[in-house]
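Undergrad: Could you look at this predicted model? Sequence included:
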Amino acid sequence: MSYSFLSAEQSKRSIDVTSIENALVDMLVRAEDSDLAELGMHKGRMQLVEGADQARVLANLGKLTAEVELGGSAANALRAMALVGAEVSYSSCVGKDQYGDSFSARLEQLSIRNRLAVVTGTTGTCLVVVTPDGERTLNTHLGACRSYHRGFVPEQDIKNSKIFFTTGYVWDTPEQVDAVEHALTVAHKNNVRIALDVADPFVVSRSKERFQELFRSCVSLVFANAQEAEMLVGCTGQKAALKLGETVELAVVKDGAQGAWICNRGEALHIPTRKVNVVDTTGAGDLFAGGFLLGLVKGKSLKTCGELGTLLASDTVTHMGVRLSGGIEQQARQLLV
């Protein structure tokens with residue numbers, strides 16, 4: 001597939017990707033299926049919980065030990081891009097607490113432009129319970145993320161970007177929705193490419209009609225997994241990519257072990273997965289999106305974009321949490337040559 005996502009003018013811009021999303025601190029726990037019932041969690045699903053509910057679940061972990069790491073879908077994607085020197089910017093809200101300080105410090109460490117707003121309240125957390133089959137189940141407390149409003153939108157960064165990237169998770173409170181819709185308007189008016197990761201079946205159930213409107217009006221690239229795609233267009237795999245491609249310029253359907261389908265101009269390209277030992281699927285879709293976006297801003301073919309996404313996604317699932325192996329940067333750079 002011969003295709004260029006960016007115009008010559010867009011390619012010259014100083015920031016590769018600017019993103020707005022929910023800043024969360026991930027708390028990763030290994031557990032058995034039986035532990036999920038005791039914690040009141042439903043396997044394979046993400047559910048939003050209030051602060052008191054999250055505190056109760058965390059207090060009931062008992063013998064289970066949590067590992068803590070920077071989280072949030074878009075932050076994971078940008079981390080992958082920054083690994084090989086991409087210029088990326090991240091905006092969200094954190095609280096005036098230890099987790100907020102840690103999140104800010106981690107962005108700096110990862111060379112991600114820090115456009116966080118710090119507000120009164122607690123930083124959002126995501127309890128990620130990983131069962132022996134590698135499946136992850138999530139309890140998300142958005143906390144300070146819900147205080148994000150249009151005054152926090154990094155307009156200048158968006159204007160200077162090749163791509164504005166966000167995910168369905170921010171379509172939550174009225175102020176968050178207003179902020180991200182404003183950011184989309186800024187991007188569209190300034191000829192910035194817009195990419196959206198649908199993010200979760202839960203999100204589709206709430207915002208399906210709005211997403212479909214955005215696909216027709218301003219979104220150039222959409223990422224969806226098999227379940228999300230089926231909810232959006234009634235089918236999966238290649239058929240879903242082609243169906244989404246009827247309203248969006250570039251559609252990517254991620255289908256786990258079945259690989260991914262990329263559709264552009266009525267043509268579908270299959271990217272097979274890599275066979276690895278799966279430990280934890282947390283963040284696999286995020287890392288795929290990061291690798292794919294990295295390929296686009298570097299002007300690579302859709303095949304190379306898909307291979308970059310698959311490389312990073314298949315590596316992170318071999319670790320607990322969203323982590324990458326020491327040699328992965330060099331492998332990614334080789335694909336970018």
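TA: In hand now; what should we look at?

Undergrad: Report the separation between residue 123 and residue 195.
TA: Using Cβ to Cβ, to the nearest Å, residue 123 is found at 26 Å from residue 195. Where C-beta positions appear, they are placed from N, C-alpha and C, glycine not excepted.

Undergrad: Same check on residue 322?
TA: Taking Cβ to Cβ as the measure, residue 322 falls 19 Å from residue 195.

Undergrad: try residue 152
TA: Distance, residue 152 to residue 195, by Cβ to Cβ: 20 Å.

Undergrad: repeat for residue 205
TA: In terms of Cβ to Cβ, residue 205 sits 22 Å off from residue 195.

Undergrad: cool, residue 163 as well?
TA: With Cβ to Cβ as the criterion, residue 163 and residue 195 are 6 Å apart.

Undergrad: Which neighbours do those two have in common?
TA: 221, 293 (Cβ atoms under 8 Å, 6 or more residues apart in numbering).

Undergrad: Just the CA trace of stretch 127-147, in CSV.
TA: Coordinates of each C-alpha in stretch 127-147 appear next as CSV, following Å, rounded to 0.1, in the frame of the first residue of the first chain:
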residue,chain,number,x,y,z
LEU,A,127,-6.2,-1.3,39.6
VAL,A,128,-5.1,-3.8,37.0
VAL,A,129,-5.6,-7.5,38.0
VAL,A,130,-3.8,-10.0,35.8
THR,A,131,-4.9,-13.6,35.8
PRO,A,132,-2.7,-16.6,34.8
ASP,A,133,-4.0,-16.5,31.2
GLY,A,134,-2.7,-12.9,30.8
GLU,A,135,-6.1,-11.3,30.7
ARG,A,136,-6.4,-8.0,32.6
THR,A,137,-9.4,-6.7,34.6
LEU,A,138,-9.5,-3.1,35.6
ASN,A,139,-11.1,-0.9,38.2
THR,A,140,-10.5,2.8,37.3
HIS,A,141,-10.9,5.7,39.6
LEU,A,142,-10.5,8.9,37.5
GLY,A,143,-10.0,11.2,40.4
ALA,A,144,-8.4,14.5,39.4
CYS,A,145,-8.8,13.6,35.7
ARG,A,146,-12.4,14.6,35.9
SER,A,147,-11.3,18.2,36.7
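
Undergrad: so how far is it off the chain centroid?
TA: 13 Å (Cα atoms, centre = their mean, to the nearest Å).

Undergrad: Equivalent analysis for stretch 137-150, please.
TA: On the basis of Cα atoms, centre = their mean, stretch 137-150 sits 14 Å off its chain's mean C-alpha point.

Undergrad: what about it, how long is it end to end?
TA: 31 Å (Cα to Cα, to the nearest Å).

Undergrad: just how off-centre is the strand or helix carrying residue 187 within its chain?
TA: According to DSSP states H and E, residue 187 maps onto helix 174-189. Relative to its parent chain, helix 174-189 has a centroid offset of 18 Å by Cα atoms, centre = their mean.

Undergrad: Output the contacting helices and strands for that helix.
TA: strand 15-20, helix 155-159, strand 161-167, strand 193-197 (3 or more Cβ pairs under 8 Å, 6 or more residues apart in numbering; DSSP states H and E).

Undergrad: Of these, flag the one that's most buried.
TA: Of all the helices and strands packed on helix 174-189, strand 15-20 has the most neighbours on average by mean count of other Cβ atoms under 10 Å, namely a mean of 28.

Undergrad: Can you list the helices and strands that it packs against?
TA: Using 3+ Cβ pairs under 8 Å, 6+ apart, the elements in contact with strand 15-20 are helix 73-83, strand 88-91, helix 155-159, strand 161-167, helix 174-189, helix 284-297.

Undergrad: from the chain's centre, how far out does it sit?
TA: Using Cα atoms, centre = their mean, the offset of strand 15-20 from its chain centre is 12 Å.

Undergrad: Now do the same for it: mean pLDDT, whole number.
TA: Strand 15-20 carries an average pLDDT of 98.

Undergrad: Give me the next element, helix or strand, following that strand.
TA: For strand 15-20, the following helix or strand on the C-terminal side (DSSP H and E) is strand 24-30.
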